[in-house]
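Engineer: next one to model:
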Amino acid sequence: MGFADLLEKVGSMGRFQHLNISMLALPAFMMASHFLIQNFSGAVPRHHCRTLFDTNDSHYHNLSENVKSQDLLRIFVPMDSKQKPESCVRFSSPQWNLLNFNYTQANMTGLETEPCRDGWIYDQTEFSSTIISEWDLVCSYKSLKQFAQSIFMGGILTGGIIFGGLADRFGRKSILVWSYLQMAICGTCTAFAPSFTVYCIFRFFCGMAASGIIFNCISLNMEWIPTRSRTFVGTLNGHFYTCGQLILAGLAYGIRNWHWLQITVSAPFFVYFLYSWWLPESARWLVLNNKSEVAVKHLKKVAAFNGKKEEGDKITPELLESEMQREILAAKSTLPVISLFHTPAMRHISICLAFAWFSTSFAYYGLAMDLQNFGVSIYLIQVIFGAIDFPAKCACVLFMNYIGRRSTLVGFLIVSGLMVLSNVFVPKDMTVLRTAFAVLGKGGLAGTFTCVYLFTIELYPTVVRQTGMGFTNIMARTGAMVAPMVQMTADYFNFLPLVIYGTAPVLSGVIASFLPETLNTPLADTVEDVVNRGKKYTKEEIPLQNEQPEKENTDDYVYKAVF
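Structural biologist: Model prediction:
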């Protein structure tokens, strides 16, 4: 027996589990909003230099009564090839001769221009307010937008490291409650940031809180449900995040002011914070941290809630500890990160997986945070980008079961990368084709996440599996943090970001082809098992994975990086 068997006695999927899953799933709907909100709060509206015409100069305002404002703008701001005002320069002095519409573009090449010295005027037709118009993050300051998103992703990476360790020490519930409060306060304060620097600071803390919420929500979910339900519940959480992308598109469409949009996606976390006090601590964590008496109290409450009070009364601290000896020993046998590189076999697996996780997250967020470059409504493309995740993840599961983990991972990585690279050769005016390639690429990367999670669990042996998951999760967060910065390379060549985003998955796909296949092979327990996995077995000699006895609670962290 083990904790799973005790959980069956008190009701493994009863009323308590259904309520617990529902309460922990609700925040997942809003997590996508914080990850992707800068697509809308940081959208770049059309803009041009502030001119004398935009001031209170009565001379120019009197003139505007006889001349259309758009025509008058030509006097102060040069037009681009599409006859739209240039964004970052203006004429050094008014060019009255340009009111003559016979004046050609060629005649304008010699006219002296200067940078926007008095700020910018923003078109508020689509966005009433964004952080771009709030702090003039355009022209020579436009890279600060990508910097802000990298700061948020850096917070996620930092939060994963800090809150992960704190959750192991102080419990899942305590850190989850704090993370809800931190997200609610910092998210709301972000809307009132008086400067871009303060905005970035609050976004960093929001990123930290996001990590604490994701990891501990999934831990509390997985540690209170039976093994047979963990894959389903973990996948369901991933789909909640996908639904959150669709919710974000609807909220952003209805709320065009970034301040109110930020408050709208942050305020629900005050509610999550209030009801999170009802959530019980993980009984498994309590036992592993010498708090068996508290664990018994929780188990008895769960049994009563599930209508199995008599079974709950039979559980004692001594019984709980004796039945969980295997889990207690397994928790003490986790090896440090350096053990992932001790032997050639482990080094080979770790390096290949590091490339796969980094490039998947890198390209995924590179595409997901660049909606304005497709030339279509960012609200529509956000919906499409979110919806494609559903069929992509389902297709990935089918491929994993029929052609294997390695072939699926390699195929999805390479095809996704090629879809992204295809847009390098598609003209920008072919918006439908460019959008189709981008959607297929993003969907393929979403499927890649599904595959690489399971593949990583199966490749690492029990003694380093949790350490390996932590290492690969750090690589994924690093990729997400670097991704926005690549957009800056467009200042040199417009196509360069797509080349980088597309090349990374293709190269990682080639590297991943050197990983061993794990379909229908037993989970490895030791490093020696990994070395021996290279030996050939007949089909009769290979026990199916779903027929394996439960050696450890590996699913506890299968989906910890699901977002």
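
Engineer: residue contacts, residue 439?
Structural biologist: Listed by C-beta atoms under 8 Å, 6 or more residues apart in numbering, the contact partners of residue 439 are 381, 384, 385, 388. Bear in mind the C-beta positions are built from the backbone N, C-alpha and C, glycine included.

Engineer: who wins for neighbours among these?
Structural biologist: Counting neighbours by other C-beta atoms under 10 Å, residue 385 comes out on top of the contacts of residue 439 with 26 neighbours.

Engineer: need the pLDDT of that residue.
Structural biologist: Model confidence at residue 385, expressed as pLDDT, equals 90.

Engineer: what helix or strand is the closest residue to it other than its chain neighbours on?
Structural biologist: Taking C-beta to C-beta, 6 or more residues apart in numbering, and ignoring the residues beside it in sequence, residue 385 has residue 442 as its nearest neighbour in space, at 5.5 Å. Assigned by DSSP states H and E, residue 442 belongs to helix 431-459.

Engineer: what's the following helix or strand after that helix?
Structural biologist: Tracing the chain past helix 431-459, the next element assigned as helix or strand by DSSP H and E is helix 462-486.

Engineer: restricted to helices, list the contacts of residue 439.
Structural biologist: Assigned to helices by DSSP state H, the following of those qualify: 381, 384, 385.

Engineer: I'd assumed residue 154 was in contact with residue 207.
Structural biologist: Yes: using C-beta atoms under 8 Å, residue 207 is in contact with residue 154, at 6.7 Å.

Engineer: between the two, which has more neighbouring residues?
Structural biologist: Of the pair residue 207 and residue 154, residue 207 is the one with more neighbours under other C-beta under 10 Å, namely 28 against 20.

Engineer: and that one, what is it in contact with?
Structural biologist: If a contact means C-beta under 8 Å, 6+ apart, then residue 207 has 151, 152, 153, 154, 155, 156, 157, 158, 159 as its contacts.

Engineer: now do the phi/psi pair for the residue nearest to residue 120 when sequence neighbours are not counted.
Structural biologist: Nearest non-adjacent residue to residue 120, counting by C-beta to C-beta, 6+ apart: residue 47, 4.6 Å away. Here the main-chain torsion angles of residue 47 (degrees, to the nearest 10) amount to phi -150, psi 160.

Engineer: who does residue 47 bridge with?
Structural biologist: Beta-bridge pairing of residue 47 under DSSP bridges involves residue 122.

Engineer: how much space separates it from residue 127?
Structural biologist: Remark: distance between residue 47 and residue 127 (C-beta to C-beta, to the nearest Å) = 11 Å.

Engineer: now the common contact residues for these two.
Structural biologist: Shared between the contact lists of residue 47 and residue 127 (criterion: C-beta under 8 Å, 6+ apart) are residues residue 133.

Engineer: to what extent is residue 438 buried, counted in neighbours?
Structural biologist: By other C-beta under 10 Å, neighbour count at residue 438 equals 27.

Engineer: can we start the residue count at 49 from this point?
Structural biologist: That works, and once the first residue is 49, the last one we named lands at residue 486.

Engineer: what residues does it make contact with?
Structural biologist: Contacts for residue 486 (C-beta under 8 Å, 6+ apart) come out as 415, 422, 467, 468, 471.

Engineer: could the residues you listed be laid out in TSV, adding neighbour count?
Structural biologist: Conversion of the contacts of residue 486 to TSV gives the following (neighbours: other C-beta atoms under 10 Å):
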residue	neighbour count
415	27
422	22
467	22
468	29
471	25
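
Engineer: what is the lowest-pLDDT residue among the residues you listed?
Structural biologist: Of all these, residue 422 carries the smallest pLDDT score, 79.

Engineer: touching, it and residue 482? I think so.
Structural biologist: Yes: judged on C-beta under 8 Å, residue 422 makes contact with residue 482 at a distance of 5.8 Å.

Engineer: where does pLDDT dip in the stretch 99-248 of the chain?
Structural biologist: In the predicted model of the stretch 99-248 of the chain, residues 100-119, 146-158 satisfy pLDDT under 70.

Engineer: what ranges do the helices span in it?
Structural biologist: Counting by DSSP state H, counting those that start in this stretch, the stretch 99-248 of the chain has helices at residues 106-111, 117-124, 179-183, 191-218, 220-239, 244-270.

Engineer: residues in contact with the third one?
Structural biologist: The set of residues that contact helix 179-183 without belonging to it, under C-beta under 8 Å, 6+ apart, is 86, 89-93, 95, 168, 170, 172, 175, 185-186, 189, 192-193, 196, 243-244, 247, 306.

Engineer: buried residues in that helix?
Structural biologist: Along helix 179-183, the positions that meet the burial threshold by neighbour count (16 or more other C-beta atoms under 10 Å) are 179, 180, 181, 182, 183.

Engineer: which among these gets closest to residue 538?
Structural biologist: residue 180 (16.1 Å; C-beta to C-beta).

Engineer: I'd like to know how far the closest one sits from residue 80.
Structural biologist: To residue 80, residue 180 is 21 Å away according to C-beta to C-beta.

Engineer: next one: residue 141
Structural biologist: With the distance defined as C-beta to C-beta, residue 141 ends up 49 Å from residue 80.

Engineer: okay, the two: which has more neighbours?
Structural biologist: Counted by other C-beta under 10 Å, residue 141 and residue 80 do not tie: residue 80 has more neighbours, with 24 against 12.

Engineer: ok, and the closest non-adjacent residue to that one?
Structural biologist: Once its chain neighbours are removed from consideration, residue 80 has its nearest residue in residue 292; the separation is 3.2 Å (C-beta to C-beta, 6+ apart).

Engineer: the one you found reaches residue 74, doesn't it?
Structural biologist: No: at 10.4 Å, residue 292 and residue 74 do not qualify as touching, with contact defined as C-beta under 8 Å.

Engineer: more neighbours: which of the two?
Structural biologist: residue 292 (23 against 14).

Engineer: list the buried ones in stretch 563-583?
Structural biologist: Counting neighbours by 16+ other C-beta under 10 Å, one finds that the buried residues in stretch 563-583 are 563, 564, 566, 567, 569, 570, 571, 572, 575, 578, 581.
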